[in-house]
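[1] 3D, please:
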Amino acid sequence: MVGVSELHEMYEEMVTARHYEERLQEEYLDGKQPAFDISAGPIPGELHLAAGHEASGAGVCQHLRDDDTVTAPHRPHHIAIAKGVDLKRMTAEIFGRETGLSKGKGGHMHLFDPDVNFACSGIIAEGCPPAIGAGLAAKKRNTDSVAVAFLGEGAIDQGAFLESLNMAAVHDLPVVFVVEDNDWAISMPKERVTDVENGAQRAGGFDLPGARVDVDDAVSIYDAAKEAVGRARDGNGPTLLEVQVHRRMGHFMGDPESYRPDEDKAAAEQRDSIERLAEDLRAHGVEDTTIQESRERAHERVEEAIEWAKDQPEPDPADAHDDVFSNPPSGVTESDPSAEVTGGDD
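    Residues are numbered from 1 along each chain as shown. Okay, here's the model as predicted:
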């Protein structure tokens, strides 16, 4: 059973994640209105925010350690916060600054923090194969580390996901697949792109355990993840877990959501997992003043990270080719076994 201290920790993580997304939305839209210009403003390019997904990251990552691996999809910030990714350096990366996690070159969909074994990608279901690799490595090293791959419900028909389920089952790997079901696969409702209402049923085809959390609730997700992570850590193989979340913003910033009925947006607003968790805290005797202090700490942490990131230097264009694979030197072909091809300034 979840304790008060864990409830409190999850609550603060979730409030941090929600405020972070709301503030990034404000920063992102600066300079992009009234005529939306994706290249303008302090955060150019696309931005996918996860307001409404907070319970998933907090409930699952509560059971993880720094040496456990997490891979996240293109909507990653809530998971990164729950896994313990450095908030300042993550924010600097999103703003394209030199002190970012990847020196400002990766952006928000390609965050990487080896200190806590976290990575994400903009490619649908791409995090599943690396999670399989991490699980296989843990098994071969005879450690009890686990790997968790987060993905959206729109990704459960992808080959990378299904092949990863198969490999995890065949090799009995310590991997947990967490499907975040927010009802929408970009602009398509779930029922129009997937033939099963319960994505956890995909587990049956690979003879591995599957479970679904039908309510957008951090405690319910915590309980389901405890069993799944515990099974993996004890050497009893993989689990497919689908959890209900909701999407409070568009698929990406600038998305007019003209495809989405107003009543669906209103229903999502009513399914606020943060307020639900606040009620759980009150039921455990936590006073409103203590809850408010948690909210204030979370907001202060976010504001500090954003101000710090905006104050960081932009990368030097001369360093654009550093830390990347380069083409072979002039006159050398890739088939030349005597050639030494490295990353660098070539």
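[2] mind listing the helices for the stretch 151-300 of the chain?
    In the stretch 151-300 of the chain, the segments counted as helices under DSSP state H, counting those that start in this stretch are 159-171, 218-233, 262-270, 273-283, 288-310.
[3] Buried ones in the third one, by neighbour count?
    Okay, so that is helix 262-270. D264, A268 (16 or more other Cβ atoms under 10 Å). Any C-beta I mention is one placed from the backbone N, CA and C, and that applies to glycine too.
[4] Just the CA coordinates for that helix, please, in PDB.
    Written as PDB, here are the backbone C-alpha positions of helix 262-270 (Å, rounded to 0.1, in the frame of the first residue of the first chain):
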ATOM      1  CA  ASP A 262     -15.600  20.400 -27.300                       C
ATOM      2  CA  GLU A 263     -17.200  17.800 -25.000                       C
ATOM      3  CA  ASP A 264     -14.100  15.600 -25.200                       C
ATOM      4  CA  LYS A 265     -11.900  18.600 -24.100                       C
ATOM      5  CA  ALA A 266     -14.300  19.400 -21.300                       C
ATOM      6  CA  ALA A 267     -14.300  15.700 -20.100                       C
ATOM      7  CA  ALA A 268     -10.500  15.700 -20.100                       C
ATOM      8  CA  GLU A 269     -10.500  18.800 -17.900                       C
ATOM      9  CA  GLN A 270     -12.700  17.000 -15.300                       C
END
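[5] which of the helices of the stretch 151-300 of the chain sits most buried?
    Neighbour counts (mean count of other Cβ atoms under 10 Å) averaged over each of the helices of the stretch 151-300 of the chain peak at helix 218-233, with a mean of 21.
[6] now the residue lying closest to W308 once chain neighbours are set aside: how far from R23?
    Spatial nearest neighbour of W308, chain neighbours left out: K88 (5.0 Å); criterion: Cβ to Cβ, 6 or more residues apart in numbering. Distance, K88 to R23, by Cβ to Cβ, to the nearest Å: 14 Å.
[7] Please apply the same query to R247.
    R247 sits 18 Å away from R23, going by Cβ to Cβ.
[8] For V196, which of the helices of the stretch 151-300 of the chain is the nearest?
    Checking the helices of the stretch 151-300 of the chain against V196 by Cβ to Cβ gives helix 159-171 as the closest, at 12.8 Å.
[9] which other helices and strands contact the closest one?
    Where contact means 3 or more Cβ pairs under 8 Å, 6 or more residues apart in numbering; DSSP states H and E, helix 159-171 is packed against helix 128-140, strand 175-181.
[10] For D262, find the nearest of the ones you listed.
    strand 175-181 (21.0 Å).
[11] From the contact counts, what lies against that closest one?
    helix 54-61, helix 128-140, strand 147-152, helix 159-171, helix 218-233, strand 239-244.
[12] quick one: contacts of the fifth one?
    Meaning helix 218-233. Residues outside helix 218-233 that contact it (Cβ atoms under 8 Å, 6 or more residues apart in numbering): 2, 6-7, 10-11, 14, 54-56, 58-60, 62-64, 135, 144-148, 173-176, 178, 209, 211, 213, 237-239, 241, 243, 273, 276-277, 280.
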